[in-house]
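Participant: Requesting a structural model of the entry that follows:
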Amino acid sequence: MTAIARAWLGVVSADHTDRAVAGGFIQLNHGKRPNVARLNPGDGFVIYSPTQQYGSKIPLRAFTALGVVADEPPYQAAPMSMGAHGTVSPWRRTITFTEVTPVPLTDITP
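Facilitator: Numbers count the residues shown, from 1 in each chain. Just a heads-up that it's a prediction; the model follows:
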């Protein structure tokens, strides 16, 4: 097992996290390039989901995904609708996700 030098935390609703895990990617800040460009191959990545669904006020407050950055450069995905943000061609990074059971924030002890 290789040691992780850096780790990142993304805040993403659980429904969008499910899409990312299924697709093996991460997309941040509505698909803008700068944040995904800061990730390096081998960096750890954790996703915290404050809600189950994007735009919902019903809290989930759980860590929902864990992975490692798998590729070198960011890549641009096909155009997609981002609702109020219009149609964008989001920038993404390939992530190798590990299968995990969501962990509620309240279960994490200092």
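Participant: Run through the residues that contact the most centrally placed residue in the chain.
Facilitator: Note on the chain: the residue nearest the mean C-alpha position is residue 26, at 4.4 Å, using CA atoms, centre = their mean. Counting by CB atoms under 8 Å, 6 or more residues apart in numbering, residue 26 touches 10, 20, 36, 39, 45, 47, 67, 92, 93, 95. For every residue, glycine as well, the C-beta is placed using N, CA and C.
Participant: And for the one helix or strand the third one maps to, what's in contact with it?
Facilitator: Secondary structure assignment for residue 36, by DSSP states H and E: helix 33-37. Contacts to helix 33-37, defined as CB under 8 Å, 6+ apart, come from residues 26, 27, 28, 29, 74, 91, 92, 93.
Participant: so which one among these has the lowest pLDDT?
Facilitator: Checking pLDDT across these, the minimum falls on residue 29 at 88.
Participant: so what's it up against?
Facilitator: Counting by CB under 8 Å, 6+ apart, residue 29 touches residue 35.
Participant: Residue 96 in helix, strand or coil?
Facilitator: Following DSSP: H, G, I helix; E, B strand; the rest coil, residue 96 is assigned to strand.
Participant: What's the per-residue pLDDT of it here?
Facilitator: Value for residue 96, per-residue pLDDT: 97.
Participant: One more: residue 1?
Facilitator: Listed pLDDT for residue 1 reads 54.
Participant: Any figure for the gap between residue 61 and residue 11?
Facilitator: 11 Å (CB to CB, to the nearest Å).
Participant: Mind listing the shared neighbours of the two?
Facilitator: Common neighbours of residue 61 and residue 11, using CB under 8 Å, 6+ apart, are 49, 50.
Participant: circling back: the residue nearest to the centre of the chain pairs with what?
Facilitator: Residue 26 has the following beta-bridge partners by DSSP bridges: residue 93.
Participant: Next, give phi and psi for residue 46.
Facilitator: When read as degrees, to the nearest 10, the backbone of residue 46 gives phi -120, psi 140.
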